[in-house]
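*Asks:* Show me how the following folds:
(one chain, ligands or ions: 2)
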Amino acid sequence: MTTQAEPLRVGVIGARGRMGAEVCRTVEAAPDMEVVAMVDAGDWLFNLADAGAQVVVDFTSPDVVMDNIRFCVDNDIHAVVGTSGFDAQRLGTVAEWLAPKPELGVLIAPNFAIGAVLSMRFAELAAPYYESVEVIELHHPRKVDAPSGTAAHTARLISQAREAAGVDPMPDATTQEAPGARGTLVGDVRVHSLRLAGLIAHQEVVFGTEGETLTLRHDSLDRKSFMPGVLLAVRSIAKHPGLSVGLDKYMDL
Ligand SMILES: NC(=O)C1=CN([C@@H]2O[C@H](COP(=O)(O)OP(=O)(O)OC[C@H]3O[C@@H](n4cnc5c(N)ncnc54)[C@H](OP(=O)(O)O)[C@@H]3O)[C@@H](O)[C@H]2O)C=CC1
Ligand SMILES: O=C(O)C1=N[C@H](C(=O)O)C[C@H](O)C1
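*Replies:* Ligands and ions are numbered 1, 2, ... in the order given. Modelled structure (predicted):
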């Protein structure tokens with residue numbers, strides 16, 4: 001007789017938010033996992049440990065996400081993090097916390113939509129072949145941070161790829177500029193942020209060189225677009241100890 005594996009015990013932080021609520025529904029509907037704790041602003045993080053959560057999914061805000069990760073690491077709970085707002089300093093801090101816990105995994109994923117993950121990889125591949133590149137991200141107007149985590153990560157990947165390939169600085173004759181007109185710089189890449197009612201999450205990476213342009217566009221039209229990536233992360237994280245940045249690290253790209 002074959003015995004059925006116990007469902008994976010999942011806790012969700014930010015459970016009443018736009019993403020957290022979708023994650024709770026998705027995890028509950030999956031046959032191999034269950035939601036054992038839902039935590040939102042004002043709730044005790046200890047509920048996660050008391051409920052025996054093996055994996056926590058965090059969709060909260062850049063202000064609080066570091067405390068949540070610290071709690072998970074201290075309590076030996078794997079953390080799948082979708083919240084934005086990570087820079088090199090924050091990533092370094094998380095890596096330090098994980099150092100004494102070699103079996104524990106933390107995934108920081110700027111975007112869980114498979115098309116967005118592919119688009120970031122395609123951008124990295126294209127980067128050495130174009131003189132110019134700029135990123136335009138477009139989001140719903142309730143988003144609190146700009147530029148988006150996805151745009152910042154994309155720009156960093158492009159910037160690193162350009163540097164590794166020894167690409168010349170981008171041509172740009174601008175000497176007079178109204179504040180913000182040329183966006184913000186991430187590495188050597190300009191990022192422009194639009195906030196528009198009716199949107200969810202969208203990004204264009206526009207490359208240009210003599211006689212041609214290449215535009216990589218991804219659109220999340222529904223928050224369901226992020227769910228296959230979240231499920232993949234929850235199922236895979238125990239096999240990826242340490243700090244991983246980007247869902248591509250779980251996708252063999
Ligand atoms: N990686 C990815 O694929 C995606 C990432 N995101 C990112 O996820 C994050 C959340 O986005 P979204 O769901 O739209 O935002 P919401 O504001 O809808 O949800 C965040 C939730 O977290 C709650 N919260 C705030 N502080 C705490 C705390 N200390 N402990 C527990 N819960 C808390 C909020 O409560 P309250 O409202 O009362 O403050 C709210 O319910 C953002 O950083 C966003 O950029 C979003 C989509 C996809
Ligand atoms: O706030 C959002 O909505 C999103 N946030 C993430 C980001 O900052 O990149 C991912 C996606 O763009 C949706």
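
*Asks:* Closest approach to ligand 1 from the protein, which residue is it?
*Replies:* The chain approaches ligand 1 most closely through residue 17 (2.0 Å), counting by CB to the nearest ligand atom. (Each C-beta comes from the backbone N, C-alpha and C, glycine too.)

*Asks:* so how far is the helix or strand hosting residue 28 off the chain centroid?
*Replies:* Secondary structure assignment for residue 28, by DSSP states H and E: helix 18-29. With CA atoms, centre = their mean, to the nearest Å as the basis, helix 18-29 stands 17 Å off its chain's centre.

*Asks:* Next one: the residue of the chain closest to ligand 1 from residue 47, what distance?
*Replies:* 16 Å (CB to CB, to the nearest Å).

*Asks:* Residue 208 now?
*Replies:* Using CB to CB, residue 208 is found at 51 Å from residue 47.

*Asks:* need the contact list for residue 131.
*Replies:* By CB atoms under 8 Å, 6 or more residues apart in numbering, the contact set of residue 131 is 167-168, 170-171, 208-210.

*Asks:* now do residue 206
*Replies:* 133-136, 213-215.

*Asks:* So which of those are in strands?
*Replies:* Members of the contacts of residue 206 lying in strands (criterion: DSSP state E): 133-136, 213-215.

*Asks:* which one of those is nearest residue 67?
*Replies:* Checking the ones in strands among the contacts of residue 206 against residue 67 by CB to CB gives residue 135 as the nearest, at 29.5 Å.

*Asks:* That closest one against residue 156, yeah?
*Replies:* No - with contacts counted by CB atoms under 8 Å, residue 135 stays clear of residue 156, the gap being 10.4 Å.

*Asks:* Find the residues that touch each one of these two.
*Replies:* Taking CB under 8 Å, 6+ apart as the criterion, residue 135 and residue 156 both touch residue 186.

*Asks:* More neighbours: which of the two?
*Replies:* Neighbours were counted for residue 135 and for residue 156 using other CB atoms under 10 Å; residue 135 has more, 26 against 19.

*Asks:* Look up the closest residue to the more buried one, ignoring the ones flanking it.
*Replies:* Among residues not flanking residue 135 along the chain, residue 191 sits closest, at 4.6 Å (CB to CB, 6 or more residues apart in numbering).
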